[in-house]
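1. With the input below, show me the fold.
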Amino acid sequence: MGIKDTFKALSDEYRREILEMLKGGRMTAGSIGERFEMTQATVSHHLSVLREADLVRTERDGKFIYYELNTSVFDDVMKWILAFKEEE
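-> Numbering: from 1, shown residues only. Reported below is the predicted structural model:
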C-alpha cells in the first residue's frame, strides 16, 4: 500500500490507539474490542483499515485471528519523513 493509505489509517484516533495497544504484543479482535465502547463491527472496520494500510498483520491460530504490528511500514514512513530533514 502507499503512503496515502498509511496516513489515512493513522489519521483516526481509535486506530492510533489500537496501534499503541499492539506495541505490547499481538492481540485478538475480541481483546482489542473489549477496550473500546464500540460495536465489534466498528472494531473490525478499524482493523481492516489498518490491515489494508499494511500497518498490522494477521495470523490465524485455531479459531482466533491475532493482530500484530508490521514495523517495516513504520520504518518506511520514518525514512520518508527524515528525507525532508536531510534536504535542509
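2. and the helix ranked longest in the chain, which residues are buried?
-> Of all segments of type helix in the chain, defined using DSSP state H, the longest is helix 71-86. When burial is assessed from 16 or more other C-beta atoms under 10 Å, helix 71-86 yields the following buried residues: residue 73. The C-beta positions use only the backbone N, C-alpha and C, and glycine is treated the same way.
3. what does that helix rub up against?
-> Contact partners of helix 71-86, identified using C-beta atoms under 8 Å, 6 or more residues apart in numbering, comprise 3, 6, 53-55.
4. so what's the closest residue to residue 27 other than its chain neighbours up against?
-> The shortest distance from residue 27 to any residue other than its chain neighbours is 5.9 Å, reached at residue 67 (C-beta to C-beta, 6 or more residues apart in numbering). When contacts are counted by C-beta under 8 Å, 6+ apart, residue 67 is found next to 18, 22, 26-29, 32, 47, 50-51, 56-58.
5. and with 6 Å instead?
-> By C-beta atoms under 6 Å, 6 or more residues apart in numbering, the contact list for residue 67 reads 27, 56, 58.
6. rewinding a little: list buried members of the contacts of helix 71-86 by neighbour count.
-> For those, a burial check counting by 16+ other C-beta under 10 Å picks out 6, 53-55.
7. Just to be sure, which of those residues are found in strands?
-> With strands defined by DSSP state E, no entry of the buried ones among the contacts of helix 71-86 lies inside them.
8. Dump the C-alpha coordinates for the helix or strand of the chain with the lowest mean pLDDT into PDB.
-> Of all the helices and strands that make up the chain, the one with the lowest confidence by mean pLDDT, DSSP states H and E is helix 71-86; it has a mean of 85. Taking C-alpha atoms only, helix 71-86 is exported to PDB below (Å, rounded to 0.1, in the frame of the first residue of the first chain):
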ATOM      1  CA  THR A  71       7.000  -2.400  11.900                       C
ATOM      2  CA  SER A  72       8.500  -2.400   8.500                       C
ATOM      3  CA  VAL A  73       5.900   0.100   7.400                       C
ATOM      4  CA  PHE A  74       6.700   2.400  10.300                       C
ATOM      5  CA  ASP A  75      10.400   2.200   9.200                       C
ATOM      6  CA  ASP A  76       9.400   3.300   5.700                       C
ATOM      7  CA  VAL A  77       7.300   6.200   7.000                       C
ATOM      8  CA  MET A  78      10.200   7.400   9.200                       C
ATOM      9  CA  LYS A  79      12.600   7.200   6.200                       C
ATOM     10  CA  TRP A  80      10.200   9.300   4.200                       C
ATOM     11  CA  ILE A  81       9.800  11.900   6.900                       C
ATOM     12  CA  LEU A  82      13.500  12.100   7.600                       C
ATOM     13  CA  ALA A  83      14.300  12.700   4.000                       C
ATOM     14  CA  PHE A  84      12.700  16.100   4.400                       C
ATOM     15  CA  LYS A  85      15.000  16.900   7.300                       C
ATOM     16  CA  GLU A  86      18.100  15.800   5.200                       C
END
